[in-house]
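Q: okay, here's the prediction I keep looking at, along with the sequence it came from:
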Amino acid sequence: MSKKEILLGAHVSIAGGIYKAITRGEEIGATVIQIFTKSSRSWTAKKLTSNEIQKFKDNWKNSKKIQQVVAHTSYLINLAAKNHSLEKKSIKSLSLELKRCEELGIPYLVLHPGSLVGQTEEEGIKKISQNLDSILKNSKGKTSIVLETTAGQGTSIGHTFEQLKKIRLACKEKNKVGVCIDTCHIFAAGYDISTKKGYHKVMKKFEKILGKKVLKVIHLNDSKGDLGSKIDRHANIGKGKIPKQTFSLIMNDKRFFTIPKILETPVQQEKDFVNEIKLLKKMIID
Ligand SMILES: [Zn+2]
Ligand SMILES: [Zn+2]
């Protein structure tokens with residue numbers, strides 16, 4: 001198999017060593033994987049050794065299947081936090097994660113933009129942009145921070161394309177700030193991608209507001225919640241409220257062939273991704 005297949009895969013574990021994630025990706029039939037570079041529920045991590053880094057890079061380079069790797073940040077980080085200690089911890093932790101990605105050669109680090117803590121949307125957006133800049137100005141590597149669309153649960157920011165645009169444009173380092181569309185999240189946030197017409201309308205809107213080049217990652221998740229429910233609960237493809245047709249449209253959308261498409265659907269074990277990847281691949285019309 002050549003390394004020119006459609007970029008499709010899933011979030012896999014790094015248990016036992018980061019390099020093992022590459023093998024796990026191969027085992028589920030993926031061409032791209034998403035990983036946490038450290039525990040997703042902790043602020044800090046042991047420094048990566050040069051041996052660990054080399055092992056990961058070698059395994060990736062030697063893989064005939066895995067073309068790309070994407071990372072996802074810890075859930076603890078909140079760049080909108082104006083509480084001094086939480087804000088400081090968030091900046092430190094994200095800087096550390098960015099550095100790990102640079103060391104591992106991972107080009108994209110997906111981040112939930114943040115949640116408001118008693119401030120206005122404008123204030124929150126300003127805070128996020130400032131904190132992104134303070135992190136990015138110190139990074140010399142090639143890794144971009146990719147802001148994920150959110151479902152709009154609680155006080156989360158990033159559930160409209162306009163909010164993400166505002167965050168990006170307020171950043172001096174905007175060339176290193178991309179966007180990730182999560183199908184479950186945008187649907188729950190109220191973007192109706194349940195029909196062919198709706199899908200094209202939403203994607204056009206995205207391009208108009210954020211531009212073509214900004215989209216770096218797609219999370220392929222079906223939604224347990226209804227359109228506009230603001231509920232962030234992922235369902236397996238074809239088992240939720242988003243019609244299968246929508247996933248077929250994405251799989252056949254030429255614009256997205258080289259954009260990493262990642263499943264974060266509920267599975268008992270990683271090998272359950274095999275069938276979901278197969279299902280999505282079958283949707284591709286030559
Ligand atoms: Zn996420
Ligand atoms: Zn989610």
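A: Sure, I can see it. Ligands and ions are numbered 1, 2, ... in the order given.

Q: ok, the closest residue to G228 other than its chain neighbours - contacts?
A: Nearest non-adjacent residue to G228, counting by C-beta to C-beta, 6 or more residues apart in numbering: G190, 3.9 Å away. Placement of C-beta: from N, CA and C, glycine included. By C-beta atoms under 8 Å, 6 or more residues apart in numbering, G190 lies in contact with G152, H159, L227, G228.

Q: shaky segments in the stretch 1-150 of the chain?
A: 1-3 (pLDDT under 70).

Q: what are the ranges of the helices in it?
A: Shown for the stretch 1-150 of the chain, the helices assigned by DSSP state H, counting those that start in this stretch span residues 20-27, 50-62, 84-104, 121-136.

Q: packing partners for the first one?
A: Using 3 or more C-beta pairs under 8 Å, 6 or more residues apart in numbering; DSSP states H and E as the contact criterion, the elements in contact with helix 20-27 are strand 32-35, helix 50-62.

Q: for the protein, which segments count as strands?
A: 8-11, 32-35, 68-72, 108-111, 114-115, 144-148, 156-157, 177-182, 215-220, 222-223, 234-235, 261-263 (DSSP state E).

Q: may I have the beta-bridge partners of the most centrally placed residue in the chain?
A: For the chain, the residue nearest the mean C-alpha position is V110 (4.2 Å; C-alpha atoms, centre = their mean). Note on V110: beta-bridge partners H72, V146, judged by DSSP bridges.

Q: which residues touch it?
A: Q34, V70, A71, H72, T73, V146, E148, C180, V217.

Q: mind checking how far it is from A71?
A: According to C-beta to C-beta, to the nearest Å, V110 and A71 sit 7 Å apart.

Q: and V267, by the same measure?
A: 20 Å.

Q: who has more neighbours, those two?
A: Counted by other C-beta atoms under 10 Å, V267 and A71 do not tie: A71 has more neighbours, with 25 against 17.

Q: correct me, but that one touches I35?
A: Yes - counting by C-beta atoms under 8 Å, A71 sits close enough to I35 to count as a contact (5.8 Å).

Q: what pLDDT does the closest residue in space to I250 that isn't next to it in sequence get?
A: With sequence-adjacent residues excluded and distances taken as C-beta to C-beta, 6+ apart, I250 is closest to F256, at 6.0 Å. Model confidence at F256, given as pLDDT, is 97.

Q: doesn't F257 make contact with I218?
A: No - between I218 and F257 there is no contact under C-beta under 8 Å: 11.2 Å.

Q: the more surrounded of these two?
A: Between I218 and F257, counted using other C-beta under 10 Å, the more crowded position is I218 (19 against 15).

Q: show me what contacts the more buried one?
A: Counted by C-beta under 8 Å, 6+ apart, I218 has contacts C180, I181, D182, T183, I250, F256, I259, P260, K261, I262.

Q: one more: S139?
A: S139 sits next to S95, L98, K99, E102, K176 when contact means C-beta under 8 Å, 6+ apart.

Q: also T73?
A: Counted by C-beta under 8 Å, 6+ apart, T73 has contacts F36, S40, S93, L94, E97, L109, V110, L111, H112.
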